[in-house]
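Visitor: make a model of this:
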Amino acid sequence: MIAQERVAELTRERGYREGWTAEQFVARQVVKLVEELGELAGCIGGWPPWQWRAFDHLWTELPLNAFDARRIFDNVEKWREMAPQVEDLERLKGEACDLLVVLFNLADAIGELQATDADAPASKKGFDLVEEAVKKTAGDVERGVR
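Guide: Numbering: from 1, shown residues only. Purely as a prediction, here's the structure:
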């Protein structure tokens, strides 16, 4: 079984897909991505002292958007009332692919950072994002749905 299928299977086992149409699940995953992106942005610091207004605004808003996204994602009653529709399946597939390309490149850079970390054990000198996603999802099954 490929890792993508294993992650999806573990997500179902956790109960995360239960009661949601495919369209509702897709829409909720988009909101979840906003939350996770804001949390990811919180891992970066040390920006140069110059101010680029658009960049500064984006970076300030990401954590706030993440907070809002989590509240929206967790509002199960509202989601049950919604009937989102996928407008363009091919575009949806392409945009999902674009996200994965960014994540794979991010994972490669994380691997570089680990390779230069003198304190990291030899077994942690690379970063396999897909393997880690399977491990994380397997651990999430025990937590169940929040």
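
Visitor: please count neighbours and contacts with C-alpha atoms only from this point.
Guide: OK.

Visitor: hmm, which helix or strand of this structure has the shakiest average pLDDT?
Guide: Using mean pLDDT, DSSP states H and E, helix 53-74 stands out as the lowest-scoring helix or strand of the chain, at a mean of 87.

Visitor: list the buried residues for the lengthiest helix in the chain?
Guide: The helix spanning the most residues in the chain, taking DSSP state H as the definition, is helix 89-115. Taking 16 or more other Cα atoms under 10 Å as the basis for neighbour counts, the residues of helix 89-115 that come out buried are 104, 107-108, 110-111, 114-115.

Visitor: rewinding a little: counting contacts, what elements does the least confident helix or strand of the chain pack onto?
Guide: Under the contact criterion of 3 or more Cα pairs under 8 Å, 6 or more residues apart in numbering; DSSP states H and E, the helices and strands touching helix 53-74 comprise helix 22-41.

Visitor: residue contacts, the nearest residue to M82 once chain neighbours are set aside?
Guide: Using Cα to Cα, 6 or more residues apart in numbering and skipping the chain neighbours, the partner closest in space to M82 is Q24 (7.4 Å). Contacts were defined as Cα atoms under 8 Å, 6 or more residues apart in numbering; by that measure Q24 touches 79, 82-84.
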